[in-house]
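Asker: kindly generate the corresponding structure for this input.
(chains A and B)
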2 protein chains.
Amino acid sequence: MVTRVSDLLRAPAGPVDLQDIATNVTPGFTGKGKLDAEAATIRLGPRLALLQEQLYAQGRVGSERSVLLVLQGMDTAGKGATVEHVLSLMNPMGVHYHAFTAPTVEEREHHFLWRIKRRLPPPGIVGAFDRSHYEDVLVARVHRLVPVAQWSSRYDVINRFEAKVSASIRIIKCFLHISADEQRRRLRARLQDPRKRWKYHPHDLDEHAQWADYQAAYADVLERCNTEVAPWYVVPADRKWYRNWAIGEVLVEQLDAMGLAWPPPRGWEPDAECARLSRLAAQRP
Amino acid sequence: MVTRVSDLLRAPAGPVDLQDIATNVTPGFTGKGKLDAEAATIRLGPRLALLQEQLYAQGRVGSERSVLLVLQGMDTAGKGATVEHVLSLMNPMGVHYHAFTAPTVEEREHHFLWRIKRRLPPPGIVGAFDRSHYEDVLVARVHRLVPVAQWSSRYDVINRFEAKVSASIRIIKCFLHISADEQRRRLRARLQDPRKRWKYHPHDLDEHAQWADYQAAYADVLERCNTEVAPWYVVPADRKWYRNWAIGEVLVEQLDAMGLAWPPPRGWEPDAECARLSRLAAQRP
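Answerer: Numbers count the residues shown, from 1 in each chain, chains lettered A, B, ... in the order given. Predicted coordinates:
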């Protein structure tokens, strides 16, 4: 029996201390390192693309099912890079990416899940959330944007919401786990490389200074919202090549578990249509 | 001076007869055939991805510019396949794909451009329209969904609309030009391959039977809406490998012409931020 990466990375049951979970390890990866992992990630492509196309095809003939990949993690953890390197292995036609930033004035006038519900992937689509409703128990908590009583009631609200939508949406939540040292290295690289500076904002350093508060807030998320229908995976992300491979592998495993297949014709018969085509060809428009 | 594929494929000025434009030729391609073209398409990837990331980066720091690729063509011409093989060379984060199908009840209550405007690419984004507002002078005309006076007034409306949005959106319109014979071959392949049957609908054969009417309607589109700010390119598309390479090449040429570059930092100074990062590192959260 093969151990699935999904099982190896599943957030532990019970209290979580992120300091106990290494950021530079490579669970389930049996290759030799970076080059092997990059090749292995590319090799996931055809399988990922096939599963995604079957999901899309079923969406076209009436299935309600879709997939939602939720990406959370500190700045520079690689949420965007995961989209670039892993979701790019699928057909862009079937991938809906959305980054949630600070809520707009209109969004703040609504329940915190309002803007989330509007972006849920429609049937057949693989949705990717770069940040999500979890920001409402992360940044909202660390920056005290709302009273304690308000954010602390949101975990249960989120669990009920995810349970409800999981009837049609397979939810895959990945926490990209990096160390503070690694974040500093990556922020410095952004500052020093003219091709990366556009990703930087001085605000990023203010956030970095609140590292411990964010880690505590993430620990509570992983403990309180790690359900069977919407599990959390903790992806060690100091090594970018492992992060990409692991998330690709988790996606393959989770899509595989959906039992996808090519939909049969609905309401028409291939042989009859072929005969009709031959008759039309004989008339030659 | 190198001849650009954009120039070779630009729709001719004046009246267009699609029978005079070959569907199985390969203008501008100097390689040996399929394998060469597929390799050449892959080699466009890094340049396409770079240009798209610069566009995205500029969108993040206040530029209004975006790109819109309009894909039109008969069923099986390869609108979806272009997205799969060419747009997949870019980061899915910066690509917004939308397929326009028959208008909904709500959409029919509005002006025909209403649903189009809602899907225009926001700043920094490469939008791809799989069918578009041109359906309102194609299917609407062939199937007589509206009176002649109504659809025939739309060419000017479209030109004015495109001229207006071209202030911020670089519009690239590709007509994927296949022969009726090639369409029959591809429809038959869809019918015979269980992996492709989901793309088929008996309606496709009814459309095929109206081939000549559609060709005439397309000819008028290419003649009347081929403007400097929103040019039409006629892409010979019987050979899938040429179609993919040619559209990739046109995209590179058009994005190149935008004079994109990495945006400089706005409101902060790299050295000062590096020093701040070093101070924070010394405190070690």
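Asker: of all the residues in the stretch 51-200 of chain A, which ones are close to chain B?
Answerer: Counting by Cβ under 8 Å from any Cβ of the partner chain, the positions of the stretch 51-200 of chain A adjacent to chain B are A:57-58, A:60-61, A:80, A:83-84, A:87-88, A:90-93, A:95, A:97, A:99, A:128, A:130, A:180, A:184, A:187-188, A:191-192, A:194-195, A:197-200. C-beta here means a position set from N, CA and C on the backbone, and glycine is covered the same way.
Asker: now with 7 Å?
Answerer: The stretch 51-200 of chain A comes close to chain B at residues A:57, A:60-61, A:80, A:83-84, A:87-88, A:91-93, A:95, A:97, A:180, A:184, A:187-188, A:191, A:194-195, A:197-198, as judged by Cβ under 7 Å from any Cβ of the partner chain.
Asker: so where's the stretch 1-150 of chain A shaky on pLDDT?
Answerer: Within the stretch 1-150 of chain A, the stretches with pLDDT under 70 are A:1.
Asker: going by proximity to chain B, name the top residue of it.
Answerer: Nearest residue of the stretch 1-150 of chain A to chain B: A:Ala57, at 3.8 Å (Cβ to the nearest Cβ).
Asker: can you tell me which residues contact that residue?
Answerer: A:262-263, B:198 (Cβ atoms under 7 Å, 6 or more residues apart in numbering or on different chains).
Asker: so which helix or strand takes in it?
Answerer: helix A:34-60 (DSSP states H and E).
Asker: which SSE is immediately downstream of that helix?
Answerer: strand A:66-73.
Asker: list of residues touching that next one?
Answerer: Identification of contacts with strand A:66-73 by Cβ under 7 Å, 6+ apart yields A:55, A:79, A:82, A:120-132, A:134, A:168-178, A:237, A:251, A:255.
Asker: what do you get for stretch A:257-270?
Answerer: The contact list for stretch A:257-270 (Cβ under 7 Å, 6+ apart) reads A:51, A:54-55, A:57-58, A:61, A:65, A:170, B:191, B:194-195, B:197-198, B:202.
Asker: who wins for neighbours among those?
Answerer: Compared across the contacts of stretch A:257-270, A:Leu55 has the highest neighbour count, 24 neighbours, by other Cβ atoms under 10 Å in any protein chain shown.
Asker: do I have it right that that one meets A:Gly124?
Answerer: Yes - the pair A:Leu55 / A:Gly124 is scored as a contact, 5.7 Å apart, by Cβ atoms under 7 Å.
Asker: possible to save the contacts of stretch A:257-270 as TSV with distance to B:Gln150?
Answerer: Formatted as TSV, the contacts of stretch A:257-270 follow (distance: Cβ to Cβ, whole Å):
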residue	distance to B:Gln150
A:Leu51	44
A:Gln54	41
A:Leu55	39
A:Ala57	36
A:Gln58	38
A:Val61	34
A:Arg65	40
A:Arg170	45
B:Leu191	36
B:Pro194	42
B:Arg195	41
B:Arg197	36
B:Trp198	34
B:Pro202	28
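Asker: list the buried residues of the helix or strand A:Ala216 falls within.
Answerer: Using DSSP H and E, A:Ala216 sits within helix A:211-224. By neighbour count on 16 or more other Cβ atoms under 10 Å in any protein chain shown, the buried set for helix A:211-224 is A:211, A:214-215, A:217-224.
Asker: just those residues that are near chain B?
Answerer: For chain B, the contacts drawn from the buried residues of helix A:211-224 by Cβ under 7 Å from any Cβ are A:Trp211.
Asker: so which residues of chain A form strands?
Answerer: A:66-73, A:95-99, A:126-130, A:169-177, A:232-236 (DSSP state E).
Asker: avg pLDDT for the fourth one?
Answerer: I take that to be strand A:169-177. Strand A:169-177 comes out with an average pLDDT of 98.
Asker: and the contacts of it?
Answerer: A:18, A:21, A:23, A:66-73, A:77-79, A:120-121, A:162, A:218, A:222, A:229-237, A:243, A:247, A:250-251, A:254, A:258.
Asker: just the buried subset of these, please.
Answerer: Among those, those classed as buried by neighbour count (16+ other Cβ under 10 Å) are A:18, A:21, A:23, A:66-73, A:77-79, A:120-121, A:162, A:218, A:222, A:230-237, A:243, A:247, A:250-251, A:254.
Asker: from A:Glu182, how far off is the residue positioned nearest the centre of chain A?
Answerer: Among the residues of chain A, the one closest to the centroid is A:Leu69, at 2.7 Å (Cα atoms, centre = their mean). According to Cβ to Cβ, to the nearest Å, A:Leu69 stands 22 Å off from A:Glu182.
Asker: ditto for A:His111
Answerer: 35 Å.
Asker: out of these two, which sits in the more crowded spot?
Answerer: It is A:Glu182, of A:His111 and A:Glu182, that has more neighbours when counted by other Cβ under 10 Å, with 19 against 12.
Asker: so who does the more buried one touch?
Answerer: Counted by Cβ under 7 Å, 6+ apart, A:Glu182 has contacts A:23, A:238.
Asker: picking that back up, can you pull the buried residues of the helix holding A:Ala57?
Answerer: The neighbour-count check on helix A:34-60 (16+ other Cβ under 10 Å) flags A:37-38, A:40-41, A:44-45, A:47-59 as buried.
Asker: and A:Val95, bridged to which residues?
Answerer: A:Val126 (DSSP bridges).
Asker: how many other residues sit next to it?
Answerer: If you count neighbours by other Cβ under 10 Å, A:Val95 ends up with 25.
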